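Participant: Output the structure for:
(one chain, ligands or ions: 2)
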Amino acid sequence: MAQLTRVSGSVGLITLQSPPVNALSAAVRQGIVDTVQRALSDPEVKSVVVCGQNGIFCGGADIKEFGTNMSGPPLVPLIHAIEVAHKPVVAAIEGIALGGGLELALGCHYRIAHSKAKLGLPEVTLGLLPAAGGSQRLPRLIGVPAALDLITTGRHITAAEALKLGVVDQVTAHSTVDVAVKFALSVAGKPLDGRRISSLPCPRPPNMDALFEGVMKKVRQSARGAIAPIACVQAIRAAATLPYDQGMERELELMASLFTSDQARALQYIFFAQRAVARWSMPSGARWDTSKPRPVHKAAVIGLGTMGRGIAVALAQTGLSVVAVETQEKQLMAAKQEMSGMLERGAKRRGVAPAFDKIRYSPDIKAVADVDLVIEAVFEDMALKEKVFQQLSALCKPGTLLCTNTSGLDVDHLASQTRSPELVVGMHFFAPAHVMKLLEVVYGSKSSPQALATAMQLGKKMGKVSVAVGNCRGFVGNRMLKPYSEQAFFLLEEGATPELVDGALEDFGFPMGLFRMSDLSGLDVGWRVRKVDGLGKSSGASGQQARIRQGRRYSPLGDVLCEQGRFGQKTGRGWYQYDKPGGRVGRPDPWLHSFLEEYRAQHGLVARRIDHQEVLERCLYTLINEGFRILEDGIAAGPEEIDIIYVFGYGWPRHRGGPMFYASMVGLEKVLARLEFYQEAHPDVPYLQPCNLLKRLVASGSPPVHKWREVVKKLHSQL
Ligand SMILES: CCCCCCCCCCCCCC(=O)CC(=O)SCCNC(=O)CCNC(=O)[C@H](O)C(C)(C)COP(=O)(O)OP(=O)(O)OC[C@H]1O[C@@H](n2cnc3c(N)ncnc32)[C@H](O)[C@@H]1OP(=O)(O)O
Ligand SMILES: NC(=O)C1=CN([C@@H]2O[C@H](COP(=O)(O)OP(=O)(O)OC[C@H]3O[C@@H](n4cnc5c(N)ncnc54)[C@H](O)[C@@H]3O)[C@@H](O)[C@H]2O)C=CC1
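Facilitator: Ligands and ions are numbered 1, 2, ... in the order given. Next up, the predicted model:
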């Protein structure tokens, strides 16, 4: 809805009213049409101000309406009607002007923003383009290069940047509406020539063809198969080369191809999934809205290796006091140096002072005595972690939350080492911890709702996308990685090369295939875990028996490479070869190809032709199958949790919506049928055995993904 009031005698003040973000729902659009018409036809009104209620201008189109039978007046003519008005219209931008909200403001003759406002055209992040004239007006207003940047990235800009670019005319730290009303009074009756953006020529940049070619190349590379960024460039090119009306036709044509695309559906699903996972619940019935977090002012991090350093920096940047404990003197010195650099760079990026004084370094774990929360990040070694938790339990003040950053060890077992197991949760960060957005928050069987609420809230404060999951080996993310990587190894045994497997996964949209990723993070990491599990030895034997462990097919390929010192980038050799240890650019390695041939011969394996489709089906469908098992086991409350973990933590292409959403798009019948097909061919691979929940969903007619949460809930209530 929108309300019209007359203020200061002759200014018509139109206020958008649709909490929480004044999105342009059908009712709001109708409200704008009606109020604009009334204001323009009222002889007492000499100028108009458009604002939003509760200090928020407008969050853009109502995304919930997409995919429905959209009714109500369309946005394009509505904005056009404002632009051609004979009375000046001023947008008073407070809070946010995003998407259609900014496009509405671009249709106004003047824009005044509050200094704390954020503006942007984030449509590309939803698989769309700014199709209410945004792609045509913005380049006319701020030039093609700046418009390309804003529209293809969808980034939100500050009012200061908006002023510098020319998106807004004025920025104020006072009441934006008051300033806008005064301004509207001052421009009443003045000519509007030059204020209607659509009638301005689009400034032609020098070397326009080269500019668009370069941007298109860059966008194609970074988009990894996403179609919206490409359509955005095409629309801006239309603005630069065609008259406005023809540009608008092109904008609509491009939008039509995006609007109903699977990618737009996937990206919009991720938008809502990201918000849905914040509304966590536990099997006990405890929920996000009924569990009160504890205040956390001071935290400790134990172990300043790769992870501890990033976690401590992220905590300090959030404003917490941090006690950083590292027992190895050399490591402590190295950590201090690296963390200072991290703090300095982070501060420079954010335009603030580095938070050096927030961190106190100590070689002694006793320094944790007065902290509110501890995050343990020592080696992935259960005996060591047990000892650390016993110490923490004895040293910390009562009520301190004890968290572990383990990648997958048993949180319940660690909790059992303490006096207060209800205060123990997993806080599983991803490397680099001060950069990566994902945080898996793992509740154990004894974790209290308050402990979970505290960790979730801290994650949010740190700017992380926090997902609450249950306790099991590898939690959600790493548990699903196991069948995925297992299949990749089997594919090498059967005739594939690392390049072929990675090529298929990268064409699908992963930034890195499994083998390239394994070289980056180090083959030795998984090897150590396999050895603890009683695997991880190549055995040296030949034939099929050498590839059976614990009654199931096992590939010792990774173990053989590790035994030869091939740990990946760090040693200059892994699944690929590098110029030197620490080298970053991997090249196919002829040694590895011969090694694979010898390995197959030694084990009686005959190489066959493997195509991209088989790679994707075997790697991704087994991963998805494990996702269904995770739902069945109650480790994740819904598919949204799994999808958010994969998109934000594991490089799953966002425009494919996460593995569970992807399965729903492929069709559950097909996923099931292909798993059955591969299982028949490989009966010794349990991960290929389709899980019951998948079968159940198919038997019940494959309900859409947004219904799975309910199905899972029902399933657990019947148990
Ligand atoms: C064959 C067919 C041919 C078709 C041709 C079609 C032609 C169509 C032409 C016209 C097209 C017009 C296109 C257009 O206008 C495009 C757009 O505007 S797309 C939307 C752009 N806007 C955004 O992307 C903003 C999204 N929101 C945010 O980034 C954040 O929510 C925001 C910064 C606004 C606030 O963040 P925060 O304070 O952290 O709060 P939350 O994120 O938790 O949000 C609170 C609450 O509000 C819901 N919400 C937010 N934005 C919207 C929205 N735009 N629509 C609906 N709902 C929104 C959000 O979901 C939260 O609610 P929950 O219940 O928790 O989910
Ligand atoms: N490296 C990664 O990508 C990720 C690792 N993790 C997990 O995070 C934890 C830490 O991993 P990394 O940082 O990679 O290990 P790391 O080997 O880089 O660092 C561990 C640090 O802990 C220190 N340490 C050992 N015992 C200690 C003690 N009693 N008190 C204080 N410090 C002690 C060591 O000296 C070392 O500096 C592990 O549980 C790991 O599984 C989780 C997510 C990702």
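
Participant: what's across from Gly52 in the sheet?
Facilitator: Taking DSSP bridges as the rule, Gly52 bridges to Leu16.

Participant: List the contacts of it.
Facilitator: 15-17, 22, 58, 94-95, 101 (C-beta atoms under 8 Å, 6 or more residues apart in numbering). C-betas here are computed from N, CA, C, even on glycine.

Participant: For the stretch 201-350 of the chain, which residue gets nearest to ligand 2?
Facilitator: When scored by C-beta to the nearest ligand atom, the stretch 201-350 of the chain has Gly305 as its residue closest to ligand 2, at 1.7 Å.

Participant: Any idea how many residues pack against whichever residue of the stretch 1-150 of the chain sits closest to ligand 2?
Facilitator: As assessed by C-beta to the nearest ligand atom, ligand 2 sits closest to Thr125 within the stretch 1-150 of the chain, at 26.5 Å. By other C-beta atoms under 10 Å, 21 other residues sit near Thr125.

Participant: Kindly provide the distance from the closest residue in space to it that isn't next to it in sequence to ligand 1.
Facilitator: Take Thr125 and drop its neighbours on the chain: the residue closest to it by C-beta to C-beta, 6 or more residues apart in numbering is Gly154, 4.4 Å away. Gly154 sits 8 Å away from ligand 1, going by C-beta to the nearest ligand atom, to the nearest Å.

Participant: Which positions in the protein make contact with ligand 2?
Facilitator: 302-308, 325-328, 331, 365, 377-380, 384, 388, 405-407, 429-431 (C-beta under 6 Å from any ligand atom).

Participant: 8 Å instead?
Facilitator: Contacts of the chain with ligand 2, taken as C-beta under 8 Å from any ligand atom, map to 302-309, 325-328, 331, 335, 365, 376-381, 384-385, 387-388, 391, 404-409, 428-431, 433, 521, 525.

Participant: if you look at these, which of them are in helices?
Facilitator: Under the assignment DSSP state H, those contribute 306-309, 331, 335, 384-385, 387-388, 391, 521, 525 to helices.

Participant: What parts of the stretch 51-200 of the chain come near ligand 1?
Facilitator: 56, 59-66, 70, 74-76, 96, 98-101, 103, 118, 121-123, 125-126, 128, 130-132, 134, 154, 156.

Participant: strand partners of the helix or strand of the chain with the lowest mean pLDDT, parallel vs antiparallel please.
Facilitator: The helix or strand of the chain with the poorest confidence is strand 548-549; it has a mean of 82 (mean pLDDT, DSSP states H and E). Sheet pairing of strand 548-549 (DSSP bridges) gives strand 552-553 (antiparallel).

Participant: What is the subsequent helix or strand relative to the strand it pairs with?
Facilitator: Next helix or strand after strand 552-553 toward the C-terminus (DSSP states H and E): helix 557-563.

Participant: Now do that next one: which elements does it pack against?
Facilitator: Judged by 3 or more C-beta pairs under 8 Å, 6 or more residues apart in numbering; DSSP states H and E, helix 557-563 is in contact with helix 477-494, helix 523-532, helix 590-602.

Participant: what helix or strand does the residue nearest in space to the middle of the chain sit in?
Facilitator: With distances taken as C-alpha atoms, centre = their mean, Phe648 lies nearest the centre of the chain, 3.7 Å away. Applying DSSP H and E as the criterion places Phe648 in helix 639-649.

Participant: quick one: is that helix near ligand 1?
Facilitator: No. Counting by C-beta under 8 Å from any ligand atom, ligand 1 has no neighbours in helix 639-649; the shortest distance is 11.2 Å.

Participant: Grab the nearest non-local neighbour of the residue in the stretch 501-650 of the chain that ligand 1 sits nearest to.
Facilitator: Closest residue of the stretch 501-650 of the chain to ligand 1, C-beta to the nearest ligand atom: Glu640 (11.2 Å). Nearest residue to Glu640, sequence neighbours excluded (C-beta to C-beta, 6+ apart): Ala273, at 3.8 Å.

Participant: any idea of the pLDDT on that neighbour?
Facilitator: Listed pLDDT for Ala273 reads 98.

Participant: Tell me, how many residues neighbour it?
Facilitator: Neighbours of Ala273 under the rule other C-beta under 10 Å: 25.

Participant: in what helix or strand does it lie?
Facilitator: Ala273 belongs to helix 262-276, assigned by DSSP H and E.
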